[in-house]
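# I would like to see how this sequence folds:
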Amino acid sequence: MARPDLLLATPISAPLRAALAERFTLHEGDPPPGVRAVVGGGMAKIDAALLARLPALEIVAIHGVGHDRVDLDALDARGIRITTTAGVLTEDVADQAIALMLAVQRRIAANDALVRAGGWTAPLGRRASGRRIGIFGLGQIGHAIALRAAPFAGELLYAARSEKPVPWRFVPDIAALAEASDVLILAATGGPATRRIVDAAVLDRLGPGGVLINIARGSLVDQDALVAALAAGRIAGAGLDVFAEEPQVPQALRAMDQVVLAPHQGSATEEARIAMRELVLANLDAHFAGRPLVTPLRRERRAVSHAVPPHR
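Okay, here's the model as predicted:
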């Protein structure tokens, strides 16, 4: 039996590619119209124009949790299923947020560079404990960050679409959250509703002693406004795992020692990547075997009808 055609929408790891190649005929670039599945990372762009070229498409399997560049309405209109690797990277992304928070306030990266260059005398850092920590977005990852941040915090606050049954203080919007916080951690999803929601006004509300941590999406932040606020001392520092135009990072940010930078590594642990790979494969296997998906992005609204297993 011929292997189903699968399009790789973004680069993927060698182990995932090898496992997919056992099940599918892989394609990159210009796809044939017979493609039945698409696999891509959280930044994969799957829009109406691409979908129009894929009349046989049945499922999109995201290797990650981000899907802000996926046209969900267009998928729904065609009855195309979508899965993510929800749950298996939560703990690692939350760890990354806390690591960045500590690294910025205690000048870990800057002091490492100083010592490696033969220096010893360094500027003072800031105490990381006892501060007001605000979290924007209290989904799975935001909640995991909050559990880690709570022992550090003098007060823990959050803003979300609605108030949650949690012991932390709810704040109605990001501007109020920034004003009430010493550290503002972004953990909300990307997309039109949150695009550049952290603008110059929000950064000014965070204030000259404030620190911004972003492990969510670069699109949440007006990057030019952030550079200007950091350069002028209107906020104290930033820890950034994501950027507006990855992999490009502005030279201005790279030159600032009050900023800690990471190359979108929130889920980049051996354990998380193994679990993510297994979940992508499990979802694809379930789809082509006619079984319910393991982690559908949303509740299935139709019966499974593609019970044609891929060749092994």
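# can you tell me how far residue 39 sits from residue 49?
Here residue 39 is placed at a distance of 19 Å from residue 49 (Cβ to Cβ, to the nearest Å). All C-beta spots, glycine's among them, are computed from the backbone N, C-alpha and C.
# How about residue 240?
From residue 240 over to residue 49 the distance is 31 Å, taken as Cβ to Cβ.
# So for those two, which sits in the more crowded spot?
Ranked by neighbour count (other Cβ atoms under 10 Å), residue 240 and residue 49 place residue 240 first, with 23 against 10.
# Name the SS class of the spatially most central residue of the chain, please.
Nearest residue to the geometric centre of the chain (Cα atoms, centre = their mean): residue 216, 4.3 Å. Judged by DSSP: H, G, I helix; E, B strand; the rest coil, the three-state class of residue 216 is coil.
# quick one: it and residue 190 touch, right?
Yes - contact between residue 216 and residue 190 holds when scored by Cβ atoms under 8 Å: they sit 6.9 Å apart.
# Pull the residues that contact stretch 155-166.
132-139, 142-143, 146, 149-150, 168-174, 176-177, 180-181 (Cβ atoms under 8 Å, 6 or more residues apart in numbering).
# Mind doing that once more with 6 Å?
Residues external to stretch 155-166 that are found in contact with it (Cβ atoms under 6 Å, 6 or more residues apart in numbering): 132-136, 138, 150, 168-171, 173-174, 177, 180.
# between these, which is closest to residue 117?
The closest of the contacts of stretch 155-166 to residue 117 turns out to be residue 133 (Cβ to Cβ; 31.9 Å).
# Give me the sheet partners of the strand or helix carrying the closest one and which way each runs.
Secondary structure assigned from DSSP states H and E places residue 133 in strand 131-136. According to DSSP bridges, strand 131-136 has the following sheet partners: strand 153-159 (parallel), strand 183-186 (parallel).
# Show me which residues of the longest one are buried.
Under the neighbour-count criterion of 16 or more other Cβ atoms under 10 Å, strand 153-159 has 153, 156, 157, 158, 159 buried.
# Check stretch 207-218 too.
Taking 16+ other Cβ under 10 Å as the basis for neighbour counts, the residues of stretch 207-218 that come out buried are 210, 211, 212, 213, 214, 215, 216, 217, 218.
# repeat for stretch 136-151
Buried residues in stretch 136-151 (16+ other Cβ under 10 Å): 136-146, 148-149.
# ditto for stretch 235-255
Buried residues in stretch 235-255, counting neighbours by 16+ other Cβ under 10 Å, are found at 235, 236, 237, 238, 239, 240, 241, 242, 243, 244, 249, 253.
# Out of the buried residues of strand 153-159, the closest to residue 70 would be?
Nearest to residue 70 among these: residue 159, at 24.8 Å, using Cβ to Cβ.
# can you tell me which helix or strand the residue nearest to that closest one when sequence neighbours are not counted belongs to?
Ranked by Cβ to Cβ, 6 or more residues apart in numbering and with sequence neighbours excluded, the top spatial neighbour of residue 159 is residue 177, at 4.3 Å. Taking DSSP H and E as the criterion, residue 177 maps to helix 174-180.
# right, so of the strands paired with strand 131-136, which gets closest to residue 64?
Where those are weighed against each other on Cβ to Cβ, the nearest is strand 183-186, at 16.6 Å.
# Packing partners of whichever helix or strand comes after the closest one?
Downstream of strand 183-186, the next assigned helix or strand under DSSP H and E is helix 200-206. Using 3 or more Cβ pairs under 6 Å, 6 or more residues apart in numbering; DSSP states H and E as the contact definition, the elements that helix 200-206 packs against are helix 174-180.
# Specify the beta-bridge partners of the residue nearest to residue 168 when sequence neighbours are not counted.
Nearest residue to residue 168, sequence neighbours excluded (Cβ to Cβ, 6+ apart): residue 156, at 4.3 Å. Per DSSP bridges, the residues bridged to residue 156 are residue 133.
# any idea how far residue 138 is from residue 156?
Counting by Cβ to Cβ, the gap between residue 156 and residue 138 amounts to 11 Å.
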